[in-house]
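>>> Fold the following and give me the result.
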Amino acid sequence: MKKILSILIVLLALCSTAIAQPRSANYYVGLNFSDIQAKALVALGNGADGVLSNNVYLKARNAAKTANLSLLKADSSNNTKLNAPTAGGVSLSINDSNQVTVDTNGLNLIPTASRIIPGATSLSLRNNANNADNLICTDAGVCTVRAGATITAGNLTVTNGNINVSAAKDINMSVGLATLALQESTAGTACSGSVTANATTPVVTNTTCATTGSRIFLTKTSTSTVNGSCYISAISNGVSFSITCLATDTGTYNFIIFHEAP
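Residues are numbered from 1 along each chain as shown. Here you go, the predicted model:
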């Protein structure tokens, strides 16, 4: 009979919190419940003053109602720990729609157009020792890779600016049959192309690629009755270059221009 009365008192107390002010632990102690029971009732009734013991999980039933799931606790190091079963995951949701999920596969961003918004200065991916940035991108969009980047498929495309090797290093193409391909958008900016000699008369090739100090190399691609010695006789900075031959050479030449980065 005493147990039945206790159950009725608990039910009445919990129901009363839905229509009255929240109850404190002292309220339940006054109804002859122990201090532990009173705190448990507060957690059930108002959810405001209930306190879990350290390193003890808050639990919930699984969907099949066959076992309890450990959900949340403050561990022995006072870290807040969210937990999921081995086959499950921990999700953050908005309006019951998952946005981020952590499971045994890693961190998953759910929205099809996901974004990571950094702080005002930069976003970095650190090494395991947390003493170096493996990848860091500033808020302005300048990214630095610590030890190298490998492209396994596709191309490296630069739509604006230059590819600069700032240290005394080489550009290596180690794959067999690899070639260095240069393609110019227009003849007026070409750093490679062809030109036809006109003996001792200078031949002007207009291209903005030719600058003061440019290294311009010529390779003959045709024969002529006289093989002259052709050379770069003039460079107009950012405008053109000229070739002149020492004899009546009217053959064609390929040219390629190299110059130091500004």
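
>>> And the strands in the stretch 101-250 of the chain?
For the stretch 101-250 of the chain, the strands defined by DSSP state E, counting those that start in this stretch cover 106-109, 122-126, 133-138, 143-145, 192-196, 203-206, 215-220, 230-236, 240-245.

>>> Just the C-alpha atoms of the first one, please, in CSV.
By that I understand strand 106-109. Only the C-alpha atoms of strand 106-109 are listed here, as CSV (Å, rounded to 0.1, in the frame of the first residue of the first chain):
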residue,chain,number,x,y,z
GLY,A,106,34.5,10.6,-39.7
LEU,A,107,32.9,14.0,-39.9
ASN,A,108,30.2,14.3,-42.4
LEU,A,109,28.6,17.6,-43.6
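
>>> domains of this protein?
2-45, 58-109, 189-258 (automatic domain parsing).

>>> mind putting these in JSON lines, distance to Ala181, mean pLDDT and mean neighbour count included?
Heads up, the C-betas are built off the backbone N, CA and C, glycines and all. Compiled in JSON lines, those are given as follows (distance: least, CB to CB, whole Å; pLDDT from 0 to 100; neighbours: other CB atoms under 10 Å):
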{"stretch": "domain 2-45", "distance to Ala181": "70", "mean pLDDT": "59", "mean neighbour count": "14"}
{"stretch": "domain 58-109", "distance to Ala181": "37", "mean pLDDT": "90", "mean neighbour count": "11"}
{"stretch": "domain 189-258", "distance to Ala181": "10", "mean pLDDT": "89", "mean neighbour count": "15"}
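
>>> Distance to Ala168 added to those, as CSV?
Below are these laid out as CSV (distance: least, CB to CB, whole Å):
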stretch, distance to Ala168
domain 2-45, 67
domain 58-109, 39
domain 189-258, 17
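
>>> picking up where we left off before, mind checking the strands of the stretch 101-250 of the chain for the one nearest to Ile257?
Proximity to Ile257 (CB to CB) singles out strand 215-220 among the strands of the stretch 101-250 of the chain, at 5.1 Å.
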